[in-house]
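1. with the sequence up front, the predicted model follows.
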Amino acid sequence: MTQGAYGGTPLTMRLHGLWPDRNPLRRATDRAEFAVAVLLLVAFLAGAPLTDLAVVSWAATSGPRAGQSRAGLHQVPAVLLRGAPRPARSLDFPVPAPQVPARWLGPAGPRTGMVYAGPGARAGSIVMVWIDRSGRLTAEPADPLGLEVLAAVVTPGVLSMLLLVIWACAEILLDWRRMAAWDTDWSVTEPQWTGWR
């Protein structure tokens, strides 16, 4: 960073310019800018943990885990009715797990269907499958812990972006006010300068 006129970096000079002191040149807009900065910092420090807690608790109560219990999803063991084939070895790309027929016990009795099994799994092997209330196969639900962690990481970032937008809007309004004050001061000062020529 380059050194400023008073020996500080631009960042330290900017922070010094925000600091409220008894400088007679400090304008009301400068004091308002400092107050906005302090309020937004307090809002972030107080709001980040609260919004984080709210989003994580929402994800826990109404996210996939709650949806899983509402839909009646649960895991059951399924017995493979036929062995899974071993795929030909390939170094080019991963081979997906084969689907083989299997039987599991649903709420209305035994059910059969095609399930994914590990390559080379033998007939009679047991794999765990997800079923719904009626006993039909369903996809594995999303990991609720992963969504809670994602929410915990993303929420402070979203809050900080919102506060930065508020800061930018406040800066624009305060700059408009400064420019209006400078125009007013110049309209008083300019006739005195033109009279000297």
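-> Perfect, I can see it now. Please read all numbers here as calculations on a predicted model, not as lab measurements.

2. name the nearest residue to residue 85, ignoring sequence neighbours.
-> Excluding its sequence neighbours, the residue lying closest to residue 85 (C-beta to C-beta, 6 or more residues apart in numbering) is residue 98, at 5.6 Å. For glycine as for every other residue, the C-beta is placed from the backbone atoms N, C-alpha and C.

3. centre of the chain to whichever helix or strand residue 176 is part of, how far?
-> In the assignment (DSSP states H and E), residue 176 maps to helix 144-196. From the chain centre to the centre of helix 144-196 is a distance of 24 Å (C-alpha atoms, centre = their mean, to the nearest Å).

4. remind me what that helix packs against, helices and strands.
-> helix 28-62, helix 64-71 (3 or more C-beta pairs under 8 Å, 6 or more residues apart in numbering; DSSP states H and E).

5. and it with helix 28-62, angle?
-> If you take axes from the mean of the first three to the mean of the last three C-alpha atoms, to 10 degrees, helix 144-196 sits at 170 degrees to helix 28-62.

6. any idea which residue sits dead centre in the protein?
-> Centroid check for the chain by C-alpha atoms, centre = their mean gives residue 154 as the closest residue, at 2.0 Å.

7. if I look at that one, how far off is residue 148?
-> 11 Å (C-beta to C-beta, to the nearest Å).

8. what's the answer for residue 48, then?
-> Look at residue 48 and residue 148: by C-beta to C-beta, they are 16 Å apart.

9. and what of residue 52?
-> Taking C-beta to C-beta, one finds residue 52 at 10 Å from residue 148.

10. now swap in residue 184 and tell me
-> With C-beta to C-beta as the criterion, residue 184 and residue 148 are 54 Å apart.

11. again, but for residue 53
-> 11 Å.

12. which of the two has more neighbours?
-> A side-by-side neighbour count of residue 53 and residue 148, using other C-beta atoms under 10 Å, places residue 148 first with 19 against 12.

13. for the more buried one, give me the pLDDT.
-> pLDDT, residue 148: 71.
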